[in-house]
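J.: sequence plus the predicted model coming up.
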Amino acid sequence: MTKPRIWISNAKPMAGEIVRVRALIEHRMESGMRLDNDGNVIPRHIVHTFTAKLNDQLLFTWQPETAISQNPYIEFTFVARESGTLSMQWVDDANQTVSGAVELEVNR
């Protein structure tokens with residue numbers, strides 16, 4: 001997996017404003033249902049857990065399944081209530097972890 005690409009709609013939103021987040025990582029997302037050229041099953045290797053937190057407070061967790069395409073993209077929104085670090089983490093079947101973060105400064 002590579003470093004994620006993260007975009008937020010506004011790094012300095014007003015308190016109560018909705019912030020849109022888009023994130024993408026590069027990952028093969030092998031389903032375990034395909035065969036290689038010799039007819040052997042290619043082992044499953046997918047991102048199985050995504051978490052998003054603001055200042056270590058969980059916003060949500062997502063558990064993708066084998067139907068998700070390679071290079072998973074996620075988009076979500078949340079209400080800006082406090083400044084801090086918006087962090088995201090992806091974990092795959094090989095227990096490789098990729099993390100990314102952006103700073104958010106809420107204006108009152």
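T.: Great, that's in hand. Worth saying up front: this structure is predicted, and the values here are computed from it rather than measured.

J.: ok, the residue nearest to Thr61 when sequence neighbours are not counted - contacts?
T.: Excluding the flanking residues, the one nearest Thr61 by CB to CB, 6 or more residues apart in numbering is Thr51, at 5.0 Å. For the C-beta atoms, the positions are set from N, CA and C on the backbone; glycine is no exception. By CB atoms under 8 Å, 6 or more residues apart in numbering, Thr51 lies in contact with Leu58, Phe60, Thr61, Trp62, Met88, Gln89.

J.: hmm, the second one is touching Leu54, no?
T.: Put plainly, it is Phe60. No: between Phe60 and Leu54 there is no contact under CB atoms under 8 Å: 10.6 Å.

J.: who has more neighbours out of those two?
T.: Leu54 (18 against 10; other CB atoms under 10 Å).

J.: tell me the spacing between Arg34 and Arg44.
T.: 10 Å (CB to CB, to the nearest Å).

J.: quick one: which of those two has more around it?
T.: Arg44 (15 against 10).

J.: just list the residues touching the more buried one, thanks.
T.: Here Arg44 is in contact with Glu30, Ser31, Gly32, Met33, Thr66, Asp93 (CB under 8 Å, 6+ apart).

J.: how many neighbours does the fifth one have?
T.: What that stands for is Thr66. Thr66, neighbours per other CB under 10 Å, totals 12.

J.: what sits against it?
T.: By CB under 8 Å, 6+ apart, the neighbours of Thr66 are Met29, Ser31, Gly32, Met33, Arg44, Ile46.

J.: could you check the pLDDT of it?
T.: You'll see Thr66 listed with a pLDDT of 81.

J.: same deal with the first one?
T.: Model confidence at Glu30, given as pLDDT, is 93.

J.: got it, and Thr2?
T.: 77.

J.: chain neighbours aside, what residue packs nearest to it?
T.: Nearest one to Thr2, counting by CB to CB, 6+ apart, is Glu26 at 4.5 Å.

J.: and that neighbour, which of the three is it?
T.: coil (DSSP: H, G, I helix; E, B strand; the rest coil).
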